[in-house]
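Novice: whatever this is, show me its structure:
(4 chains)
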There are 4 protein chains.
Amino acid sequence: MVGVNKKKLRIGMVGYKFMGKAHSHAYRDVSFYFDNNIEPVLQAICGRNEEAVKEAANKMGWLSYETDWKKLIARDDIDLIDIVTPNNAHTEIAIAAAEAGKHVFCEKPLAMTLEQSIRMLKAVEENGVIHMVNYNYRFAPATQFAKKIIEDGRLGKIYHIRATYLQDWIMDPNFPLVWRLDKDVCGSGSHGDLAAHIIDMARFLVGEFKEVSGLMETFIKERPVVESSSGLSGKASSNKLEEVKVDDASVFIAKFENGAIGTFEATRFAGGNKNGNRFEINGEKGSIRWDGENMNNLQVYFHDDEPGIQGFRTINCTEETHPFAGAYWPVAHIIGYEHTFINLLVELLNGIDKGYNPSPNFIDGVKNQAILEAVEQSARTKQWVSLNEMSVGV
Amino acid sequence: MVGVNKKKLRIGMVGYKFMGKAHSHAYRDVSFYFDNNIEPVLQAICGRNEEAVKEAANKMGWLSYETDWKKLIARDDIDLIDIVTPNNAHTEIAIAAAEAGKHVFCEKPLAMTLEQSIRMLKAVEENGVIHMVNYNYRFAPATQFAKKIIEDGRLGKIYHIRATYLQDWIMDPNFPLVWRLDKDVCGSGSHGDLAAHIIDMARFLVGEFKEVSGLMETFIKERPVVESSSGLSGKASSNKLEEVKVDDASVFIAKFENGAIGTFEATRFAGGNKNGNRFEINGEKGSIRWDGENMNNLQVYFHDDEPGIQGFRTINCTEETHPFAGAYWPVAHIIGYEHTFINLLVELLNGIDKGYNPSPNFIDGVKNQAILEAVEQSARTKQWVSLNEMSVGV
Amino acid sequence: MVGVNKKKLRIGMVGYKFMGKAHSHAYRDVSFYFDNNIEPVLQAICGRNEEAVKEAANKMGWLSYETDWKKLIARDDIDLIDIVTPNNAHTEIAIAAAEAGKHVFCEKPLAMTLEQSIRMLKAVEENGVIHMVNYNYRFAPATQFAKKIIEDGRLGKIYHIRATYLQDWIMDPNFPLVWRLDKDVCGSGSHGDLAAHIIDMARFLVGEFKEVSGLMETFIKERPVVESSSGLSGKASSNKLEEVKVDDASVFIAKFENGAIGTFEATRFAGGNKNGNRFEINGEKGSIRWDGENMNNLQVYFHDDEPGIQGFRTINCTEETHPFAGAYWPVAHIIGYEHTFINLLVELLNGIDKGYNPSPNFIDGVKNQAILEAVEQSARTKQWVSLNEMSVGV
Amino acid sequence: MVGVNKKKLRIGMVGYKFMGKAHSHAYRDVSFYFDNNIEPVLQAICGRNEEAVKEAANKMGWLSYETDWKKLIARDDIDLIDIVTPNNAHTEIAIAAAEAGKHVFCEKPLAMTLEQSIRMLKAVEENGVIHMVNYNYRFAPATQFAKKIIEDGRLGKIYHIRATYLQDWIMDPNFPLVWRLDKDVCGSGSHGDLAAHIIDMARFLVGEFKEVSGLMETFIKERPVVESSSGLSGKASSNKLEEVKVDDASVFIAKFENGAIGTFEATRFAGGNKNGNRFEINGEKGSIRWDGENMNNLQVYFHDDEPGIQGFRTINCTEETHPFAGAYWPVAHIIGYEHTFINLLVELLNGIDKGYNPSPNFIDGVKNQAILEAVEQSARTKQWVSLNEMSVGV
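Specialist: Sure, this is the predicted structure:
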């Protein structure tokens, strides 16, 4: 009975693991919290393993399922294709979906290569469909509020960003070579998985990158072959090792178009950092800090506070005045990771409803891919790489 | 299609504001995250204002609505009555529901007085229905894990608890006398609203109270009459003041049956503390700290850690090993306030499925009420009050 | 050559252990950092054990030593008697010193009983000497700045203080009954040692106490007799136990003359809290927090900050604008525990130089003692005790 | 009378401002806290301005003064020359002192250029004098304890260091071009002042650098000429601007000989960061974090902690077991910035007493200078620079 008189947006989702769960939940919850004109319907979910996809559909509330994504795209009761597959499947599915006239919502990073992402962007643009890429951390109330503070000029000219995304889940050398460590499936390791997020945040809050110098490292050169996987983890084969071709860590320094400079670090080898997506930005009038493990808070410092009373304020961004926060609970009754997906959907549904293309979209996906690739090139050539040299074509 | 083959538990909920929203959401989400044998169905919601309850039903996904709670209880398609009304309606509804053979899930505090709560307990017990009271903060993974640490004997004998629940939302003297400040509707102010929570947490983690000495204070003696209210707030009448009969703050010291001692403070006048539900417990072998504004974390200290390396550890209780946490997201992808309700439902549904009475239930509600009343009596008489003197009858 | 042309204040100090070290160091350092008109001279140190006091004198830079405090007081080359003995010696020495016309600087708590402290006050007042009691925590730049914020009216009317002083150094039941646990030597346990400090801080920042209700507890009822002691610790006798007559913990609630209410807790059984001298104060316009383990910082919250940007600011009180801080190092090059003693000396030397009596002095010492005694009486009688009932006589 | 029977080390110090104060204080205090066999004597202080140096001598307790450093070095009652001048005077004085057979203790960075520092090292080595360079942050008990943890193998192989030194004291564009911004006097800006410290910490804790890629930036290109200066600050000329030739910020990424990688950032434009000297190190078995603004604490994480109870521990490094800490106060009675200098002196005095060369010494100074220069070269050429390419000659 929820949203009984609303326009429906019939979702077809390809994939059903970690991200499939996060997206499914967001589709179910968005109309509970927000008054969009459009209501998503969990029309069909798609996966190659029929037993597994059927169970996922049942568990998560999808009305039907498919085992062939081409059939899913062919269905005329689907309005939007949501791609939550591993990275190596993004391009083909997204282009097919666009060509079939479906809106496309794609997991990040948009593609394995810059070239792929450019083709994807071309497809959605030529077919006039709405497109979005899931850089969900933009949609925490605290990061949205950070954006507002910066846009209101309250930090002034930006001098610095230092951003890290630190995890530690593959530090055990016996952890097997699961798909997220497989170059053919993911394209990269921590780089596309984690660095992509902090690059997006930097673009969102600071602006466009100008040039980068990077370093990528694989600390564990060989790992057991995976026998079976579940969730992010997997069971290791007892006696077969395979070369790890993706990075365990990716660090780089950068210049921005507006004169700011930055340091970036993504790694899966920072013990004790479980989901350390963090940044600090310093401008001429103030600074902000954010930590994704405590994502409701934003630390804010203003230079023009009275001398003696200057200091970082810890703001719990759960008040009516904070973006998206009013839809949830009273102040300091905190929200979590899953709500970033719900908030992003608000933007996606609004875009479709009102006919504008939401952000972040495939253009952001392409620009992000260009930076990822520039860092990789820099790490390979040991040279600074200018973003101008990348054939972005956008 | 979610939970297609499961037994159904058809919910009838009385009330639809803040707590109604939190409960509704939990009913919708619990089967998405957990594999209970029973699935709640949002059968009917009840409120006196037809327009408002109809809109709430539509927004939150209830299948039908009623405007008279007696009719709701009379319906034979309802298995459980959920009471999220103001406190003054709990008793009558709960007793009627129990007498109609419905399970009862009631908001906290269970009643306005100890005597009421005892009658409620008697009703549910005599009618053999399952009963539960919504002390939701027990169900954060971090507080559940705290319980496990204590039960495993890792803190040893408990010496101290210091618990606070600090808010600041009525500090403005022009904030009107909304229902939560109305003695006839709520029975008390910060005491039943906030102290009740930390009393429950202390009972959960430390044990039974033995005696208390308390102090209750009303800082703002008169407030504007409320003209209209929305959410927790309200519009003040311009020129009419009314006496505030409830407490703005409630503090007390306590002895426990097991020899521990405690300090407790609940207030709505602690500026900058938005939802400061916090405790620290010290035992002979270690200590734990928790802060509801950062509810995923638990701070743990062990005396038997090696000298030189002793210190409070900050544990993000989002790992598979932490209670309830495995059902959600990867480690440090945090959850929030609403998930405490979902976790509590798991316990409620299990109890109904397996025929045991879950915790916290009306016995906990009565014992809590006895402590609340002992503190009130102590504040009035300026004497220590022993819990033995309270006519709990349980 | 330091302070070559300054007036000298010749110090005679009785005692030479922990506090003797802290005082000695402060006398040596105060003229290095501050431009007082008076310079202290480490004239003579006194202790009963000649070998030990001689070694202490040599180590800490005292020009001479005595083994009989009466001789020390009799010397005409001594201007001020500094009492750093255990509590049971304070009264006799202070009165004798005052009667000999010496200024008196005494460790806290001022005495074992209220009656003693009143006699001490009478002696210093009748003999017209300057007197001071060492509540050193008032003299952290952060607590001094807290005082300024409150005096400037920036918190408005005060509603709440919650103060704790948490330690854990005697939790081991085999820790022997050292002098700090000996009722004959100290008068009380955590109460006079720790509660006295937070009572002083509350008087300094909030105002005078009106009435109290308290609870004191001894968790470990018997301890090994001490064979030999060093510093705060000691060697336990192997097989002889003795009753512990002092409190391990002391908690109380209080009303203040100005309408504020407070909770207080002092304990040596709060594992993991090494020197947890902390408070939070809430007023109608804002709040402050302080933690002695991170004593350079003050957390400040202002209600009149713009909505959305309200939050506790973490202020590192090491700027020129912060009291005493300018004498030390550049901002955020932090100072420590010992500097509270140095700062206090600035006030003492100024008082002697300019002929006013500094704060905190014996009047503060007496009022503190009255509160300590009221809590003890309350814990004994299980009644609230009004400060008006205490025979303070000041 | 302090240290009456000890060997004396007669100090001659050149310079008397911020660092002169810190060193003077440490000489005065070291024998109070520690039982070295050698006691420093504040024999003579030297500065060009007679009035100012005389006042400094008087204030800080020096026995005599000189206005010509060559005369100071020529005095035969001086055993050690301590150089606390601006960087451009280090080389000449250090070499002259060494040639006169005096031990040399020099402020950091050791020199303006690598070439200078190599000449300095050659001089002290050829003349067989003890030498030390003042990287004082190595001597916080917490950083010393970090070293011990790493040396004990408790972090295992090191993967990452991320280190920052963030300040904000020159963000105002009207702040004048004081000597610390003058390339002729300092050689560089934040680079030699701040980056030098975190480079030293990285060498101390992680090991030798292999190669670096850096970026240096001057945000404010022109500043007012300074008319007069006091402390770190100065008075700006009203209408005369001058080009700023030093860096405002310096960031770089690095590889270490042992395979670890690092990110480094030094800046004076990170608003709200007053003395943000911080690092985190991740190894295969654990991680550590330190923040110089809260320098007593070390955060430590161990992978082999039991699952579910893993988390960063906050250790207050003020216990007997922590290096240097036992000489001061009871646990959690914190120490501050000045104590790093005192602790370093313990090492210097021990070295002189026992005839070994202490660390960090001029070899460390040279290696640090090589890294500073490699980063500068990298920033200029936009190439990675290998430390092997630097003509260190050591």
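Novice: going by C-alpha atoms from here, please, whenever you check contacts or count neighbours.
Specialist: Fine.
Novice: need the contact list for residue A:83.
Specialist: Residues in contact with residue A:83, defined by C-alpha atoms under 8 Å, 6 or more residues apart in numbering or on different chains, are A:13, A:14, A:15, A:90, A:93, A:94, A:104, A:105, A:106, A:107.
Novice: any idea of the pLDDT on residue A:239?
Specialist: The model reports residue A:239 with a pLDDT of 78.
Novice: could you say which helix or strand contains it?
Specialist: Element membership of residue A:239 [criterion: DSSP states H and E] is strand A:233-243.
Novice: against residue A:117, how distant is the residue sitting nearest the centre point of chain A?
Specialist: Within chain A, the residue whose C-alpha comes closest to the C-alpha centroid is residue A:135; the distance, by C-alpha atoms, centre = their mean, is 2.8 Å. Computed as C-alpha to C-alpha, to the nearest Å, the residue A:135 to residue A:117 distance reads 15 Å.
Novice: apart from its neighbours in sequence, what residue is nearest residue A:243?
Specialist: Of all residues not flanking residue A:243 in the chain, residue A:222 sits nearest, at 4.4 Å (C-alpha to C-alpha, 6 or more residues apart in numbering or on different chains).
Novice: what's the longest helix in chain A?
Specialist: In terms of residue count, the longest helix belonging to chain A (DSSP state H) is helix A:362-381.
Novice: show me what contacts the closest residue to chain D within the stretch 1-150 of chain A?
Specialist: Using C-alpha to the nearest C-alpha, the closest approach of the stretch 1-150 of chain A to chain D is made by residue A:150 at 14.4 Å. By C-alpha under 8 Å, 6+ apart, residue A:150 lies in contact with A:156, A:205.
Novice: so which strand or helix has it?
Specialist: helix A:141-151.
Novice: what comes up buried for that helix?
Specialist: Using 16 or more other C-alpha atoms under 10 Å in any protein chain shown as the test for burial, helix A:141-151 gives A:141, A:142, A:143, A:144, A:145, A:146, A:147, A:149, A:150.
Novice: circling back: who are the packing partners of the strand holding residue A:239?
Specialist: Strand A:233-243 is packed against strand A:222-230, with contacts defined by 3 or more C-alpha pairs under 8 Å, 6 or more residues apart in numbering or on different chains; DSSP states H and E.
Novice: circling back: mind checking how far the helix holding residue A:150 is from the chain centre?
Specialist: Chain-centre distance of helix A:141-151: 17 Å, with C-alpha atoms, centre = their mean, to the nearest Å.
Novice: next: stretch A:63-78.
Specialist: With C-alpha atoms, centre = their mean as the basis, stretch A:63-78 stands 25 Å off its chain's centre.
Novice: that stretch and chain B in contact?
Specialist: Yes - against chain B, stretch A:63-78 shows contacts by C-alpha under 8 Å from any C-alpha of the partner chain at residue A:63.
Novice: of all the residues in chain A, which one is nearest chain C?
Specialist: Counting by C-alpha to the nearest C-alpha, chain A gets nearest to chain C through residue A:313 (4.0 Å).
Novice: now the residue nearest to the centre of chain A: how far from residue B:381?
Specialist: 60 Å.
Novice: one step back: on contacts alone, who are the packing partners of the longest helix of chain A?
Specialist: Right, helix A:362-381 is packed against helix A:114-126, strand A:131-133, helix A:196-205, strand A:209-217, strand A:385-386 by 3+ C-alpha pairs under 8 Å, 6+ apart.
Novice: dump these to JSON lines, plus mean pLDDT and mean neighbour count.
Specialist: Formatted as JSON lines, those follow (pLDDT from 0 to 100; neighbours: other C-alpha atoms under 10 Å in any protein chain shown):
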{"stretch": "helix A:114-126", "mean pLDDT": "98", "mean neighbour count": "20"}
{"stretch": "strand A:131-133", "mean pLDDT": "98", "mean neighbour count": "27"}
{"stretch": "helix A:196-205", "mean pLDDT": "98", "mean neighbour count": "22"}
{"stretch": "strand A:209-217", "mean pLDDT": "98", "mean neighbour count": "24"}
{"stretch": "strand A:385-386", "mean pLDDT": "97", "mean neighbour count": "21"}
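Novice: just send those back as JSON lines, with distance to residue D:386 too.
Specialist: JSON lines is the format used below for those (distance: least, C-alpha to C-alpha, whole Å):
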{"stretch": "helix A:114-126", "distance to residue D:386": "31"}
{"stretch": "strand A:131-133", "distance to residue D:386": "40"}
{"stretch": "helix A:196-205", "distance to residue D:386": "28"}
{"stretch": "strand A:209-217", "distance to residue D:386": "14"}
{"stretch": "strand A:385-386", "distance to residue D:386": "19"}
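Novice: related to what we said a few turns ago, does the residue nearest to the centre of chain A touch residue A:108 like I think?
Specialist: Yes - shown here, residue A:135 and residue A:108 form a contact pair, counting by C-alpha atoms under 8 Å, at 6.5 Å.
Novice: share the number of residues neighbouring the residue lying closest to residue A:120 once chain neighbours are set aside, please.
Specialist: Leaving aside its sequence neighbours, residue A:120 sits nearest to residue A:95 (C-alpha to C-alpha, 6+ apart; 5.7 Å). Neighbours of residue A:95 under the rule other C-alpha atoms under 10 Å in any protein chain shown: 21.
Novice: residue contacts, residue A:95?
Specialist: Counting by C-alpha under 8 Å, 6+ apart, the residues that residue A:95 touches are A:119, A:120, A:123, A:124.
Novice: wait, a strand at it?
Specialist: No - counting by DSSP: H, G, I helix; E, B strand; the rest coil, residue A:95 is not part of a strand but helix.
Novice: roughly how far apart are it and residue A:14?
Specialist: Between residue A:95 and residue A:14 the distance is 14 Å, computed by C-alpha to C-alpha.
Novice: leaving out chain neighbours, which residue sits closest to residue A:315?
Specialist: Using C-alpha to C-alpha, 6+ apart, the nearest residue to residue A:315 is residue C:311, at 4.8 Å.
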